[in-house]
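Asks: Pasting the sequence and the predicted coordinates here, then a few questions.
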Amino acid sequence: MEPFPLELPADTVQRVASELRCHPTDERVALHLDEEDKLRHFKEYFHIPKMQDLPSVDLSLVNKDENAIYFSGSSLGLQPKMVKTYLNEELEKWAKMGVYGHEIGKRPWITGDETIIGLMNDIVGANEKEIALMNALTVNLHLLLLSFFKPTPKRYKILLEAKAFPSDHYAIESQLQLHGLDIEKSMRIIQPREGEETLRLEDILEVIEKEGDAIAVILFCGIHFYTGQLFNIPAITKAGQAKGCFVGFDLAHAVGNVELHLHDWGVDFACWCSYKYLNSGAGGLGGAFVHEKHTHTIKPALVGWFGHELSTRFKMDNKLQLIPGANGFRISNPPILLVCPLHASLEIFKKATMKALRRKSILLTGYLEYMIKHYYGKDKEGTKKPVVSIITPSNIEDRGCQLTLTFSVPIKYALLELEKRGVVCDKRGKNGLRVAPVPLYNSFHDVYKFISLLSSALDSAERKYSNVI
Ligand SMILES: *Cc1c(COP(=O)(O)O)cnc(C)c1O
C-alpha cells in the first residue's frame, strides 16, 4: 500500500546493536534510535502526562516528575500545546465582539471548518471538495449510509468484519431496520478462520466474489480497533466495486496512523473521528469523505442550512442550493470550539507529514515487537515466564502502530501493577492489552521502559497474587 523502508525493523535493531557492539535489547539501542529520529522534537508540541498526575500511579514506585509512558493514543490522543491558545483566540473574540466573530478573524465561525480543511486532505488523500468536517463519527456513518445504502430485493446486504466496533454494528443494525430488513439475513459478517484472530484478505475477497451480487454496501474499518489489523483498502474497494457494491470505510483507527489515498483508491465514502490519532480531544470534530465521482449523483438524505451554497445561504429564501459533494452533507453551523483543537493538531501533522510519521511508526512498533518476542516469545514456553502473544499481524503492511497483546496468565493484576508504574495502555477483553506507540510523541526509549516495566509488573503480580491467580 505504501513504499516501505528497505530494511525490516528487526534488521535495523540488529544492525544498530552490532554497530554499537551491544545486544539488541540494550538500552543504548533505544537511545541511539531516538538520536537518529528526525521527528523526536515533535513531542515538544504536546502535553505529556506526568507520573504524579495519573490517578492509578503508586508514587513509591516512580519518579513523580517524570513523564508517564503513554501508549493510549489509539483511544485518546494527547493534547497539543497550542490548543489552549487557539481556544482562547476564539473565546476572546466572542467576549469582545459577539456575533461579529462569525465573519471576522483567523477562523470566521461561519467557515470555521473550512479554514482547516486544507490541513486534512493530505492525511486522508482526498481533494478538499471530497471531505467535510462535521459531527462525530457515528453520526457521519449514519448520514453516509442513508445516501449510499439503497437496498433492492436482490441487493440488500451490508458486509462487515466480525467484532466490528459496537457503534458501527448498531449503526448498521438500525439502518437495516429503517428499511424494514431482517438483520440476520441482511447483515453479512465475515469471521476469521477457526483458531485465527485476524481476517485473511483472500477470504474477504472470496465472500465478495461469491455473494457480491446481493451486497449493497461493504463497510469495513480501515484498522480493526481490537486486533490492530490494517485491511487492504484498495483491494477490498476494487473487488467490491467490480461486483457493483458501494464500498465505504470507517477510518477511526487508520486516520493519522497510516497513509491513506482515498481518492486514488476510488473508495466511495468514508468517515472518521479525530480524537484518537488526530489528538483533537474527547468528542472532537468528525470527518466524512464522498468520492468526487459521486459529486452529482449521491445526495444527502437529510439536509440543513449549512449544506446550502455559502453565496446565497443567508438570503434565507428557502430555495435550497445544495453544495455538491461532501460539503452538502453538512447540516448545522460548525462548532468553532471543536475546530480549534483539531486545528492545533493538524498543523503538527502538516509539519511532520504522514509519510515521515509512518516511516518512524513502522520502526517504533517493529522495535516493540522485537523486544516482546525476545523476552516473552513462544520459545519461552516451559520456562516459568508468562508468554505474551501478539495477535496483530506481523506483516508491516497489515498493521498500523498498535500491537494487541494477549497473555498466558490472567492479566488483571499485572495491569494494575503496570498502571502503578505509570504505563498507560488499554485493556480489552479478558486478557488483551492494546499498546500503541505513537510516532508524534512516543520515543524508542518509551518502548524500552515499557518492556522493563512490564517485566517488573509481571513479577510483582506473580509474587503478590500468586495465591489468587
Ligand atoms: C472510536 C470509534 C468510534 C466512536 O464513534 P463516535 O461516534 O466518535 O463516538 C466508532 N467506530 C470505531 C471503529 C471507532 O474506533
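Replies: That came through, no problem. Residues are numbered from 1 along each chain as shown.
Asks: Report how many residues lie close to Asn63.
Replies: A count of nearby residues for Asn63, using other CB atoms under 10 Å, gives 11. For the C-beta atoms, the positions are set from N, CA and C on the backbone; glycine is no exception.
Asks: what sits against the spatially closest residue to it that is not a sequence neighbour?
Replies: In this structure, Asn63 finds its nearest non-sequential neighbour in Met51, 6.5 Å apart by CB to CB, 6 or more residues apart in numbering. For Met51, the contacting residues are Val57, Leu59, Val62, Asn63, Lys64, Asp65, Glu66, Asn67, Ala68, Gly422, by CB atoms under 8 Å, 6 or more residues apart in numbering.
Asks: which residue ranges form the strands in the stretch 351-469 of the chain?
Replies: 388-390, 403-407, 423-424, 426-428, 432-435 (DSSP state E, counting those that start in this stretch).
Asks: Direction included, what does the last one pair up with?
Replies: It refers to strand 432-435. Strand pairing for strand 432-435, determined by DSSP bridges: strand 403-407 (antiparallel), strand 426-428 (antiparallel).
Asks: Next: the third one.
Replies: Partner strands for strand 423-424, per DSSP bridges, with pairing direction: strand 69-70 (parallel).
Asks: So for stretch 310-325, mean pLDDT?
Replies: For stretch 310-325, mean pLDDT is 97.
Asks: Okay, buried residues for that stretch please.
Replies: Residues Ile323, Pro324, Gly325 are the ones in stretch 310-325 that count as buried (16 or more other CB atoms under 10 Å).
Asks: which residues touch it?
Replies: 110-111, 129-130, 290, 292, 294-296, 299-300, 303, 305-309, 328, 330.
Asks: let's go with 10 Å and repeat that
Replies: Stretch 310-325 is contacted by residues 102, 110-111, 114, 127-132, 289-292, 294-300, 303, 305-309, 327-330, 333 when judged by CB atoms under 10 Å, 6 or more residues apart in numbering.
Asks: distance between the ends of that stretch?
Replies: Using CA to CA, to the nearest Å, one end of stretch 310-325 lies 14 Å from the other.
Asks: From here on, call the first residue 58.
Replies: Okay, using 58 as the starting number, the last item reads as stretch 367-382.
Asks: hmm, back to that, which one of the strands paired with strand 489-492 is the most hemmed in?
Replies: Comparing the strands paired with strand 489-492 by mean neighbour count (mean count of other CB atoms under 10 Å), strand 460-464 ranks first with a mean of 22.
Asks: Does it reach the ligand?
Replies: No: Strand 460-464 lies apart from the ligand when judged by CB under 6 Å from any ligand atom; the minimum separation is 13.5 Å.
Asks: chain center to that strand, what's the gap?
Replies: 18 Å (CA atoms, centre = their mean, to the nearest Å).
Asks: what do you get for stretch 194-210?
Replies: A distance of 21 Å separates the C-alpha centroid of stretch 194-210 from that of its chain, computed with CA atoms, centre = their mean.
Asks: what mean pLDDT would you report for it?
Replies: In the prediction, stretch 194-210 has an average pLDDT of 98.
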